[in-house]
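Novice: sequence and predicted model, in that order:
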Amino acid sequence: MTAQPIAEKRDPSFTAVLGASILLFVICAAIVKLVSPYPFEQNYSLISAAIRHWDFRAVPSDQPREFWGVSYVSALVTALTGMPDPTSVIVVSFCAYLAALSLSYRLWGGILTAWFLVVNWWWLESTVDGGSEPLFMALLLGAFLAIRKERWLLAAALASGATVVRPVGIFALIAIGAVLLVRKDFKRLALATATGAATGAAYLIPMALIYGNPFASVQSYQAQDWAGSSPVTLPFVAIINGARSTSGAVRLPLQILIGLWVVAVVGGLLRMATSRKFRSYALDHAVEGIFVLLYAAFLLCYNSDVWAWQHFPRFAIPLLPFVLLAFQDKLPNSRRLLCGVALVSVLCVVLPKAGIHRVSEAVHSLIVAK
């Protein structure tokens with residue numbers, strides 16, 4: 001009896017992944033719009049309007065808590081198109097979401113990108129709400145792809161852009177500098193350093209003009225998130241403290257979801273450390289490997305009890321492609337399973353915004369309208 005060859009996993013086409021990502025966004029945004037005002041005012045849109053008018057009196061008093069990269073891009077979009085700032089923030093996030101998924105497809109293929117699309121509800125929510133994660137990931141993955149093409153100056157520019165969207169982008173810049181230093185490519189190292197310094201200066205000068213302190217964002221993080229202390233502590237300390245302190249305020253299903261994400265990420269990191277295949281990948285793509293090491297250490301040691309725990313799935317998004325990569329040979333290529341996980345993510349996004357009753361009414365309205 002002749003042995004049958006084992007069927008290889010067939011990679012979803014780029015068109016299929018892109019179409020699914022657009023469909024997911026449209027469904028989720030349509031339900032959110034039916035159950036709540038949408039797009040809504042938020043910090044990024046308020047800051048975007050303030051940047052355009054250079055009048056910061058309407059900016060919330062807790063600012064500059066977020067880094068303003070998203071708002072700068074949104075302000076540019078509004079200036080060019082005339083659309084309202086809340087809408088511009090959503091447009092920026094949606095375009096960056098598609099760009100990040102396209103870059104993920106080029107870096108790691110269709111199966112991994114399909115799982116990246118559906119498995120973390122916070123990735124979808126940040127796109128629908130106009131968060132910073134899509135733009136950050138688009139710039140970060142763009143930097144990784146540029147490095148693979150030996151375009152180091154472009155990679156440094158993209159990583160610098162990622163840093164003014166979310167400060168953890170600095171780990172990508174450090175990784176680029178470390179690899180160039182080891183290679184003794186001092187010319188490119190100097191250019192990359194100059195690019196990062198110029199981007200940093202362009203961001204810090206307005207902070208100094210507005211708040212009288214170029215590091216006002218860092219100072220705000222220290223005062224509001226780190227309780228005036230260091231941004232890092234011992235591994236898992238803040239995560240455990242956050243789980244304990246919020247146990248009465250956070251519903252049990254959400255606690256379970258967050259706990260599962262902590263377990264999944266730690267399991268992924270252990271898999272990376274023990275897998276010869278992943279270690280070989282990290283050596284071949286040293287910037288990505290160093291970034292994963294630095295970011296993982298920061299994620300597990302972040303010194304903010306509530307944020308380290310409640311926002312763990314969101315903070316884990318930059319590690320997600322690598323966690324999936326560590327288990328790539330075990331990722332199922334099942335449309336039904338992917339659709340089921342996508343449905344769970346959609347529910348995780350819309351239920352907290354409206355409640356089960358209003359969401360069911362919204363879904364019924366969508367079906368009747370069709």
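Specialist: Alright, I've got the coordinates.

Novice: how about residue 42, phi and psi?
Specialist: Phi and psi for residue 42, reported as degrees, to the nearest 10, are phi -150, psi 180.

Novice: and if you look at residue 114?
Specialist: phi -60, psi -40.

Novice: also residue 232?
Specialist: Main-chain torsions, residue 232, degrees, to the nearest 10: phi -130, psi 150.

Novice: report the residue spans of the chain with pLDDT below the cut-off.
Specialist: Counting by pLDDT under 70, the chain shows low-confidence ranges at 1-9, 227-228, 354-370.

Novice: for the residue nearest the centre of it, which non-adjacent residue is spatially closest?
Specialist: Residue closest to the mean C-alpha point of the chain, counted by C-alpha atoms, centre = their mean, is residue 133 at 3.1 Å. Closest residue to residue 133 in three dimensions, ignoring its sequence neighbours and counting by C-beta to C-beta, 6 or more residues apart in numbering: residue 126, at 4.0 Å. Any C-beta I mention is one placed from the backbone N, CA and C, and that applies to glycine too.

Novice: the one you found contacts residue 136, correct?
Specialist: No: taking contacts as C-beta atoms under 8 Å, residue 126 lies outside contact range of residue 136: 9.3 Å.

Novice: ok, these two, which is more surrounded?
Specialist: residue 136 (26 against 23; other C-beta atoms under 10 Å).

Novice: now the more buried one: which helix or strand?
Specialist: Here residue 136 sits within helix 133-148, counting by DSSP states H and E.

Novice: what sits up against that helix?
Specialist: 69-70, 73, 92-94, 96-97, 99-100, 103-104, 106-107, 122-123, 126-127, 152, 154-156, 158-159, 161-162, 165-166, 169, 172, 176, 285, 287-288, 314, 317-318, 321 (C-beta atoms under 8 Å, 6 or more residues apart in numbering).

Novice: contacts for stretch 343-356, please.
Specialist: By C-beta under 8 Å, 6+ apart, the residues outside stretch 343-356 that reach it are 24, 27-28, 31-32, 35-36, 118-121, 123-125, 128, 257, 359, 362.

Novice: filter those to the buried ones?
Specialist: By neighbour count, with 16 or more other C-beta atoms under 10 Å, the contacts of stretch 343-356 hold 24, 27-28, 31-32, 35, 118-121, 123-125, 128, 257, 359, 362 as buried.

Novice: buried ones in the helix or strand containing residue 300?
Specialist: For residue 300, the host element (DSSP H and E) is helix 286-301. Buried residues in helix 286-301, defined by neighbour count with 16+ other C-beta under 10 Å: 286-296, 298-301.

Novice: with respect to residue 64, which of these is nearest?
Specialist: residue 298 (20.5 Å; C-beta to C-beta).

Novice: does the closest one really touch residue 168, like I thought?
Specialist: Yes: under the criterion of C-beta under 8 Å, residue 298 makes contact with residue 168 at 6.6 Å.

Novice: state which helix of this protein is the longest.
Specialist: helix 186-211 (DSSP state H).

Novice: give me the neighbour count for residue 230.
Specialist: As a burial measure, residue 230 scores 10 neighbours (other C-beta under 10 Å).

Novice: surely it and residue 302 touch.
Specialist: No: Residue 230 is beyond contact range of residue 302, at 10.4 Å (criterion: C-beta under 8 Å).

Novice: coming back round to it: need the max-distance pair from the buried residues of helix 286-301.
Specialist: 286 and 301 (22.5 Å).

Novice: now do the phi/psi pair for residue 151.
Specialist: phi -100, psi 80.

Novice: what about it, how many residues nearby?
Specialist: Residue 151: 14 surrounding residues under other C-beta under 10 Å.

Novice: which residue ranges form the strands in the protein?
Specialist: With strands called from DSSP state E, the chain shows none.

Novice: what comes up buried for stretch 131-151?
Specialist: Using 16+ other C-beta under 10 Å as the burial criterion, the residues of stretch 131-151 that qualify are 131-147.

Novice: ignore what I typed, I meant stretch 155-175.
Specialist: By 16+ other C-beta under 10 Å, the buried positions in stretch 155-175 come out as 155-175.

Novice: rewinding a little: so which of the contacts of helix 133-148 are in helices?
Specialist: Checked against DSSP H, the contacts of helix 133-148 include these in helices: 69-70, 73, 92-94, 96-97, 99-100, 103-104, 106-107, 122-123, 126-127, 152, 154-156, 158-159, 161-162, 165, 172, 176, 287-288, 314, 321.

Novice: residues in contact with residue 315?
Specialist: Residue 315 makes contact with 299, 302, 307-308, according to C-beta under 8 Å, 6+ apart.

Novice: in JSON lines, list those residues along with distance to residue 41.
Specialist: Formatted as JSON lines, the contacts of residue 315 follow (distance: C-beta to C-beta, whole Å):
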{"residue": "299", "distance to residue 41": "30"}
{"residue": "302", "distance to residue 41": "28"}
{"residue": "307", "distance to residue 41": "22"}
{"residue": "308", "distance to residue 41": "28"}
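
Novice: what is the nearest of the residues you listed to residue 111?
Specialist: Looking across the contacts of residue 315 and measuring by C-beta to C-beta, the closest to residue 111 is residue 299, at 24.6 Å.

Novice: the closest one contacts residue 319, doesn't it?
Specialist: Yes: counting by C-beta under 8 Å, residue 319 is a contact partner of residue 299 at 6.8 Å.

Novice: what is in contact with these two at once?
Specialist: residue 265.

Novice: in stretch 251-265, what's buried?
Specialist: For stretch 251-265, by 16+ other C-beta under 10 Å, it's 255, 257-258, 261-262, 264-265.
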